[in-house]
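*Asks:* make a model of this:
(4 chains)
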There are 4 protein chains.
Amino acid sequence: MLSTLESLKAVAGASTEDLCRRFSKVRSFSEHLAEPLSPEDMVIQSMPDASPTRWHLAHTTWFFETFVLKRAIPEYESPNPAFEYLFNSYYNQVGPQFPRPGRGLLSRPTVKEVFQYRRLVDERMLELLSSPAAADPGAADVPLEGVIEIGLEHEQQHQELILTDLKHMLSCNPLWPAYRARTNSVAGSVIDVRWVEYEESVRWIGHTGAGFCFDNEQPRHRVFVHAFQLADRPVTNGEFMAFIDDGAYTRPELWLSEGWETVRSQGWKAPLYWRRDNQNWSHFTLAGGQPIEPSEPVCHVSFYEADAFARWAGARLPTEAEWETAAESIPILGNFSESGLFHPSSAPAEPACRPDRMFGDVWEWTSSPYSAYPGYRPLAGALGEYNGKFMCNQFVLRGGSCATPEAHIRRSYRNFFPPWARWQYSGLRLAKDA
Amino acid sequence: MLSTLESLKAVAGASTEDLCRRFSKVRSFSEHLAEPLSPEDMVIQSMPDASPTRWHLAHTTWFFETFVLKRAIPEYESPNPAFEYLFNSYYNQVGPQFPRPGRGLLSRPTVKEVFQYRRLVDERMLELLSSPAAADPGAADVPLEGVIEIGLEHEQQHQELILTDLKHMLSCNPLWPAYRARTNSVAGSVIDVRWVEYEESVRWIGHTGAGFCFDNEQPRHRVFVHAFQLADRPVTNGEFMAFIDDGAYTRPELWLSEGWETVRSQGWKAPLYWRRDNQNWSHFTLAGGQPIEPSEPVCHVSFYEADAFARWAGARLPTEAEWETAAESIPILGNFSESGLFHPSSAPAEPACRPDRMFGDVWEWTSSPYSAYPGYRPLAGALGEYNGKFMCNQFVLRGGSCATPEAHIRRSYRNFFPPWARWQYSGLRLAKDA
Amino acid sequence: MLSTLESLKAVAGASTEDLCRRFSKVRSFSEHLAEPLSPEDMVIQSMPDASPTRWHLAHTTWFFETFVLKRAIPEYESPNPAFEYLFNSYYNQVGPQFPRPGRGLLSRPTVKEVFQYRRLVDERMLELLSSPAAADPGAADVPLEGVIEIGLEHEQQHQELILTDLKHMLSCNPLWPAYRARTNSVAGSVIDVRWVEYEESVRWIGHTGAGFCFDNEQPRHRVFVHAFQLADRPVTNGEFMAFIDDGAYTRPELWLSEGWETVRSQGWKAPLYWRRDNQNWSHFTLAGGQPIEPSEPVCHVSFYEADAFARWAGARLPTEAEWETAAESIPILGNFSESGLFHPSSAPAEPACRPDRMFGDVWEWTSSPYSAYPGYRPLAGALGEYNGKFMCNQFVLRGGSCATPEAHIRRSYRNFFPPWARWQYSGLRLAKDA
Amino acid sequence: MLSTLESLKAVAGASTEDLCRRFSKVRSFSEHLAEPLSPEDMVIQSMPDASPTRWHLAHTTWFFETFVLKRAIPEYESPNPAFEYLFNSYYNQVGPQFPRPGRGLLSRPTVKEVFQYRRLVDERMLELLSSPAAADPGAADVPLEGVIEIGLEHEQQHQELILTDLKHMLSCNPLWPAYRARTNSVAGSVIDVRWVEYEESVRWIGHTGAGFCFDNEQPRHRVFVHAFQLADRPVTNGEFMAFIDDGAYTRPELWLSEGWETVRSQGWKAPLYWRRDNQNWSHFTLAGGQPIEPSEPVCHVSFYEADAFARWAGARLPTEAEWETAAESIPILGNFSESGLFHPSSAPAEPACRPDRMFGDVWEWTSSPYSAYPGYRPLAGALGEYNGKFMCNQFVLRGGSCATPEAHIRRSYRNFFPPWARWQYSGLRLAKDA
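*Replies:* Reported below is the predicted structural model:
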């Protein structure tokens, strides 16, 4: 806990100007993502787990209003007191929440009004950030600058969800409309997997250094990691097609029990968004329907499918400690959302002597259930509901995806989703015992 | 059957000019209803039984495209072949249908594109209507003019649904936004019910005359109607409040068994859209939240509630034959959608010597399950799916409402909904054995 | 209402000895039906709509305890006060009920204890019936003798349910165990349907005469019946096979909309209990699995299936007024439960000049929704919950089945079930407009 | 894997006589548990997760028939070939399974027939065990003796389930019938928790030694365990009452997000089987309803409740590595099923210098999701479905309960249930960071 607070305070060392610039940059990227969209695109909710774009734009604004403006400016008044209820996601300590599955029932405030709300909150935020006299009323465990930093990281998470939720919504339309036209995938060549070896050792895991991290990445602690091998690249579409052709979705012995039940009850026959016509595979992408490029990393698979593939391949998923061990010395480069591609690429990013494409392209499922690190302490107050209360029945994913902002990712970053979730850009990389 | 066709052919007697004018008038009224709406308002589906405004606008257009243009103009091409699937409601003989509960998943075609679709189809329709040489290819059981007439009546039905579905959607928003501001209800005085008496007799029931009617209003046939009494006005909000205060929703002995199960499973405590704060009743209307005016006809009650109220009041609902008997000599006047009020009114429309407000304001639940008349024949082909296949587990309502176009209603008109449905402007009028 | 009470009082004219004998006979027939069963067979509930045999045996006993013994003998004490709650089916005016879907959760009281309960209540009942001094405390609308008569009719209804619920339960067991071995069906010859004609007329419908009837058979009243034709025999298995072979369960145009939804959601492909192996049809019967005999009346079809068959056959179902008109002069003879066959027979019971097998074999679905007759009044008090509160979303069946006690049936008898129900011995007979 | 096989082979070192005696002893204990039950008690299934006693008795017999007799005796014939389908629990590699939620639909084979089935299989098993010439046909990965040992351990697991499933079934009966009368709980005194401290260290975890273990307890491996403290006794009923009185079930901040959703959707207000009348707590036990004794370990709590209690108490649940570390030197003594108490006891079993009652009384929830140990290999063939396929969305419990056979438990024993499960004898013990 102490280290989280320390790192947050360190952020405060940044100059006012830097902070204003960063604030504006993050906030405007959200709106940039909404540019190609009509109002119709922004209000529809296609499943309870996804939210309309309009809601993401309002909720991220609500976050700054609730945790910063209302705390720092006692006389602050919201443009609409109902927003506290409408745009609270899950913070019980803030108050009751409009039910998540109903986010698509709201046509008002309109998209235009939500943009006005953003404008208003941004102005007040920039005033606050620019005011040298802005004294933190204090007393709270997290200094104001830390909360602002959390708010920006929070908005970056929702930028990824804007894309993945939108992709799901558009995919429900039989017209398979494109979010943004782009050139097709480039065919790449696939080289056989090479296995990188790691010695058994007690390793330090978790966030280190002065920068920001979420509370779930701390405290840094020791883990005994047995010797293991890690594949030098993610599993590809072509490999997954071979898995399907070998009866993947018809062979219970390859699946976890819950995975097999899900396959049957949901009628799964391929990754999400895949469709087969006369032996040709195509899939829905943010550029519309496209033929599937075999050399690209496979994507939109659940933990169940990742686990079954690994079993079929005679391998397994890595633990998150193994993944973090391997990532230790690898630079954070890759195909992130800033590229505007919004699709995994088959271009290798790294020379082959170490694992390639650990960052960007696709989130990589690990075999690790999402749990607290030894000595974990959530933040105090409502912000403590950010991570800790979800440590149950979810699995950790690592490395970021083509929909993640590059500035958002860290080696110690722990993403988490339930094992059946497929609408994120989630893929896998194989591991083996040494 | 014969008589239905005859009456349809009679419509063809209308002049070309008349038909064009009528076509344009009906079509433009749909768009008039959409005027106060933002694109956001028009795409949301708030429950599986309701549809987005945008869908209604497209589906009514699809009707003319499918049943008229494609039949009369062999070379006709739809602006988008997918519309046949997307906007087919339930006509199995036309082809498969995009699932009804998913109508709110579609952001495309956008509202603007749907209006373009309307434009295009309207143009082709008016060309067709104006062309003296437009020969009906024939062979079909229903002449082309008859199909056009059905299409216009069909569109009027959807005009009512646009309003009721929209009301439901807006009511789900805690902001209770108004569709269109209007002056508040006018307080009226309520006079005690007077009972109008009718002798026992064999009566003729069903449509008569040359004008249009749906197949379910025919054939005209004889029914033995026992002597009965009918209330001279609908039940009011004030009377329903007294029912609630007397424990309505807590007394199983007042309810049909299925009604009581519905009360419990749905947690019903009042009509739909009613809310009680500190003993004051308000309700959601298309003008936003409003205090409830006791003198207005009660509205948005299910058949279950209507039936329970009648039992509590020591009366019963009329049969549809009784209702039609009473309506025989009453002029079709009342508070219909053309008034723009979209809310039941407390102003009596008739001198008290006969039943008042039989038409407009609120649909009146009858005790009659929706069944085929003796000798009933549905239309041939896909249009035969219009009415007959719903003759099961629904109850008949009579008289039209404040959301019904006046030109659409007839004395023999049979509306029907499942007994749990409450989102229509549905009320009741009491009857008694003589 | 009056006439119901009158007829009940008339029953009281029977001698004490007659009443005791009748009481004992009806009660012992229930136990006779349970003889072939193990305790295991008697406690299982295979679906929420069905009840365990043990529950039927206890509930029918509870009926006499609650409505007769507790009323007539102030000092009467139940062997277990919890029975009032456990064995109340749906009488809200008696008190709360153990939830119906949970009737199969109860292993206690054991079967043996339930038989002891029957013994005890029977003894007290016979004492009461034999006591000349047994004064009815009066005041109630239904005299004690009338209540006893209702109790016996009620028990006969449950005798039918014992058989149909048991059949459903045993059918869930892949072993298809027999309730009672019997000789196989006898192959019969099927003669083409002959149509019996009836003139248009105002008819009297409803119970007449001095004997017992339920309140829903009254008051006797006039109905205008149009000219019609009625098939001289029920539809056979062979005819239904032809319907299936003609695509019955794959053609939406043959079905009511709700029927078609049920076909799809339930995956119906044949009547309940039918199974096809290599083109050979067999079905589960109370004698275990058997080849299907084409000449027997088809059975275990829902209203939806009966309605679709009639449409396919170019005919329709009769209304209940039509059925009763045709039954007027036909003696009540047929294959009832007293025969011990518990299966429809292909043997004609009548010479062909009038409709054959109107009684027994299979209940015949009519096209009539179950509604109140004009002037209907339910019994006062809890017994008024017997019939009236179910007058919604059910359809009337007429004539009794091979599981109905012969003494129980009347020409005016109205059975009713929801349109999807198939676990009764329900079949159909066709009608046509004249 | 190797070590599992080795330990299984070691079992084969036991004498034939020993094995026969052990076989008979384990098998007869199952039947001993069924003695107080009527046939009615043995066929009812009260929820999909629980099974009827009759099913447990048959399934454990099926296990020996399927995995031993059919393998060792080629000419073996089952008394009923349908049993392979009816009594297969979840072994996809054996064949299809009768659906689990339908186990309560089967009245046949009767209880008596199931006992005959047990008799027959036991005779064949004892013949096989006694035959010195009984050559293992070999080739399989697990030697026959190993499979028999697994079968016995498997039966012991089902002995616990017989009790817990029965308890759930009887509790559904408003009569709260007793399985077996016993003397009431003895009031004990509760001493404040003392915390036992453990140093940070790399620990060896997993099964060691020659005896039997399940594959999920292997391989033995190293884990870095941080310094921690463990409570010297389980949490008591009295402590849980204080938690409830402090608003436990109304305070979302104490719960995991999924836990809180479960509390709300299930309406949880106390542990399973607890009932409050006028401030007095009672609960259902296998001896019927009883007042709750505050000094006894709390029981029938879910992981969610255990986790929330720990958070409220300012502590946490131990990891399974911590639990196993603490259990290392503690003798396996306690209140197990052999005592016939079938209820947690408040009597301390150990002097206070080390954690007390680690074994028996109640299973203790750990914070560890149920995952594979590093290097884990499931058994080959159908028996490999025993453990591995459930490693998802479950949590580990340790130490056995009052319903566990003493001979069945080990220090390395890993029980696992989903976090919402409450019908096992599951409690908790607190831990803290050092």
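
*Asks:* burial of the residue of the stretch 251-400 of chain A found nearest chain D, as a residue count?
*Replies:* For the stretch 251-400 of chain A and chain D, the shortest gap (C-beta to the nearest C-beta) falls at residue A:369, measuring 3.6 Å. Glycine gets a C-beta too; all of them are placed from N, C-alpha and C. Using other C-beta atoms under 10 Å in any protein chain shown, residue A:369 has 24 neighbouring residues.

*Asks:* test my guess that it contacts residue D:391.
*Replies:* No - judged on C-beta atoms under 8 Å, residue A:369 makes no contact with residue D:391 at a distance of 9.3 Å.

*Asks:* mutual contacts of these two, please.
*Replies:* residue D:371 (C-beta atoms under 8 Å, 6 or more residues apart in numbering or on different chains).

*Asks:* end-to-end on stretch A:264-272?
*Replies:* Terminal residues of stretch A:264-272 are spaced 15 Å apart (C-alpha to C-alpha, to the nearest Å).

*Asks:* which helix or which strand is home to the closest residue to residue A:114 other than its chain neighbours?
*Replies:* Distances taken as C-beta to C-beta, 6 or more residues apart in numbering or on different chains place residue A:58 nearest to residue A:114, at 4.8 Å, with adjacent residues excluded. Residue A:58 belongs to helix A:53-64 when assigned by DSSP states H and E.

*Asks:* what's that helix packed up against?
*Replies:* Helix A:53-64 makes packing contacts with helix A:16-34, helix A:39-43, helix A:83-86, helix A:111-130, helix A:144-171 when contacts are defined by 3 or more C-beta pairs under 8 Å, 6 or more residues apart in numbering or on different chains; DSSP states H and E.

*Asks:* neighbours around the closest residue to residue A:275 other than its chain neighbours, how many?
*Replies:* Nearest-residue entry for residue A:275: residue A:282, 5.5 Å, with adjacent residues in sequence omitted and distances by C-beta to C-beta, 6+ apart. The number of residues packed near residue A:282 is 16, by other C-beta under 10 Å.

*Asks:* same deal with residue A:177?
*Replies:* Neighbours around residue A:177, by other C-beta under 10 Å: 18.

*Asks:* ok, residue A:212 next?
*Replies:* Neighbour number of residue A:212 under other C-beta under 10 Å is 19.

*Asks:* same question, residue A:176
*Replies:* For residue A:176, using other C-beta under 10 Å, the count is 18.

*Asks:* and the residue nearest to it when sequence neighbours are not counted, its phi and psi?
*Replies:* Among residues not flanking residue A:176 along the chain, residue A:289 sits closest, at 4.6 Å (C-beta to C-beta, 6+ apart). Main-chain torsions, residue A:289, degrees, to the nearest 10: phi -70, psi 140.

*Asks:* residue A:289 bridge partners, please.
*Replies:* residue A:284 (DSSP bridges).

*Asks:* my guess is it contacts residue A:177. True?
*Replies:* No - between residue A:289 and residue A:177 no contact is recorded; they are 9.7 Å apart, counting by C-beta under 8 Å.

*Asks:* between those two, what contacts are shared?
*Replies:* With the criterion set as C-beta under 8 Å, 6+ apart, the contacts of residue A:289 and residue A:177 do not overlap.

*Asks:* quick one, strands of the stretch 301-434 of chain A?
*Replies:* A:363-369, A:395-398, A:415-417, A:426-427, A:431-433 (DSSP state E, counting those that start in this stretch).

*Asks:* rounded mean pLDDT for the third one, please.
*Replies:* Same thing as strand A:415-417. What strand A:415-417 shows for mean pLDDT is 98.

*Asks:* next one: that strand to chain centre, how far?
*Replies:* Mean C-alpha position of strand A:415-417 versus that of the full chain (C-alpha atoms, centre = their mean, to the nearest Å) differs by 7 Å.

*Asks:* does it come close to chain D?
*Replies:* No - in terms of C-beta under 8 Å from any C-beta of the partner chain, no part of strand A:415-417 sits within range of chain D; the closest distance is 11.7 Å.

*Asks:* that strand pairs with which strands, and in what direction?
*Replies:* strand A:395-398 (antiparallel).

*Asks:* any chance you could list what contacts the partner strand?
*Replies:* A:303, A:320, A:323-324, A:327, A:358, A:363-370, A:413-419, A:424, A:426.

*Asks:* what about burial for those residues, which qualify?
*Replies:* A:303, A:320, A:323-324, A:327, A:358, A:363-370, A:413-419, A:424, A:426 (16 or more other C-beta atoms under 10 Å in any protein chain shown).

*Asks:* and the residue lying closest to residue A:27 once chain neighbours are set aside, how many neighbours?
*Replies:* In space, and not counting its chain neighbours, residue A:27 is closest to residue A:122: 5.9 Å by C-beta to C-beta, 6+ apart. Using other C-beta under 10 Å, residue A:122 has 17 neighbouring residues.
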